[in-house]
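**Student:** Whatever this is, show me its structure:
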Amino acid sequence: MKKLSIVLLLIIALSVFAVFAADETIIKWTWDMNDEDVTAFRYQINGENPDGWRVVDATEREYSLRNVVPGETYTLYLQQSYDKLRWSESSTSTIVASSPVEEPTIASQPNAE
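**Tutor:** Now for the predicted structure:
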């Protein structure tokens with residue numbers, strides 16, 4: 001059985017962009033998988049509530065948060081698993097939502113542990 005990596009070697013790429021709906025800002029997180037044996041990810045926003053995780057297959061590697069409030073801070077907590085029973089420690093990525101813009105704005109940030 002593989003030992004879970006304590007440190008996720010994921011790069012979380014952040015994108016903040018406006019969509020066509022007026023005054024709607026969306027934050028989109030995407031992440032890369034560096035271990036082909038990972039079977040699942042789980043994530044949540046602004047905390048690590050034991051009942052608040054959303055578990056997804058390892059092929060799903062993005063999450064978009066709609067209706068964010070400009071000026072508010074949002075943190076994605078992301079974990080990986082080989083068996084959906086034991087999970088790594090969280091990697092986090094934090095962004096302050098900005099107002100909608102006409103052109104996409106992309107910022108990249110390495111995994112912040």
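
**Student:** lowest-pLDDT helix or strand in this protein?
**Tutor:** Taking mean pLDDT, DSSP states H and E as the measure, strand 11-18 is the helix or strand of the chain with the lowest mean score, a mean of 38.

**Student:** Tell me the helix or strand right after that one.
**Tutor:** Using DSSP states H and E, the next helix or strand after strand 11-18 towards the C-terminus is strand 25-31.

**Student:** Extract the CA atoms of that next one and return them as CSV.
**Tutor:** Taking Å, rounded to 0.1, in the frame of the first residue of the first chain, the C-alpha atoms of strand 25-31 are listed here in CSV:
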residue,chain,number,x,y,z
THR,A,25,-17.2,37.3,-10.6
ILE,A,26,-16.1,33.7,-10.6
ILE,A,27,-12.9,32.3,-9.0
LYS,A,28,-11.6,29.2,-10.7
TRP,A,29,-8.9,26.9,-9.2
THR,A,30,-7.2,24.2,-11.2
TRP,A,31,-4.6,21.7,-10.1
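
**Student:** mind listing what's buried in whichever helix or strand comes after it?
**Tutor:** Going down the chain from strand 25-31, the next helix or strand is strand 40-45, by DSSP H and E. Going by neighbour count (16 or more other Cβ atoms under 10 Å), the buried part of strand 40-45 is Ala40, Phe41, Arg42, Tyr43, Gln44. (C-beta placed from N, C-alpha, C; glycine too.)

**Student:** do you know how far the residue nearest to the last one when sequence neighbours are not counted is from Ser99?
**Tutor:** Of all residues not flanking Gln44 in the chain, Gly52 sits nearest, at 4.5 Å (Cβ to Cβ, 6 or more residues apart in numbering). Between Gly52 and Ser99 the distance, using Cβ to Cβ, to the nearest Å, works out to 28 Å.
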